[in-house]
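# quick one, fold the following:
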Amino acid sequence: MFLGTHYQRLDDKGRLLLPAKFRDKLAAGLVVTRGQDHCVYMYDMEEFLRLHEAVAKAPAGSADTRDYTRAFFSAADDIIPDKQGRITMPQLLRKYASLDRDVAVVGVGNRIEIWDTPTWEQVSAGTEAKFADQQSEVIPGIF
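A predicted model of the protein is given here:
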């Protein structure tokens, strides 16, 4: 499980040093792709394969399904971190998520989200306010 918010920097070559607490789980390989809300999603290989199997069962006749899978898989890149725990963030994804230098690496359970730091701070502030003020159940039986 991926948890917490970690502030990192992309180096001049577009490399990201993975937070130390995530490195072991990602050492064998990971997948990065477009995420919703203009962030980058990162999955360990096992979770990405599970996700792929679930998506493969979606109705191919649905235009929304086709559009989503095109956007999601066409930007996906499988990566093995180097010995220092760094990955090179693909240029396509850096552009999509406006990743320049300072990034927030956010654990959200089964995946990691990578955000431009100023964008993350705005999103996080709005999300925290909604979370604190939530009056109805969002996830049945949990929240």
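# what pairs with the most centrally placed residue in the chain across the strands?
For the chain, the residue nearest the mean C-alpha position is Tyr41 (1.8 Å; Cα atoms, centre = their mean). Using DSSP bridges, the bridge partners assigned to Tyr41 are Thr33, Glu113.
# contacts only, for it.
Val32, Thr33, Arg34, Gly35, Arg111, Ile112, Glu113, Ile114 (Cβ atoms under 8 Å, 6 or more residues apart in numbering). In this view, the C-beta of every residue, glycine as well, is placed from N, C-alpha and C.
# give me the contact list for the longest helix belonging to the chain.
Secondary structure of the chain per DSSP state H: the longest helix is helix 117-133. The set of residues external to helix 117-133 that reach it, using Cβ under 8 Å, 6+ apart, is Thr5, Tyr7, Asp37, His38, Cys39, Ser98, Asp102, Val103, Ala104, Val106, Trp115.
# so for the lowest-mean-pLDDT helix or strand in the chain, what gets flagged as buried?
When the helices and strands of the chain are scored by mean pLDDT, DSSP states H and E, helix 117-133 comes last with a mean of 88. Going by neighbour count (16 or more other Cβ atoms under 10 Å), the buried part of helix 117-133 is Thr117, Thr119, Trp120, Val123.
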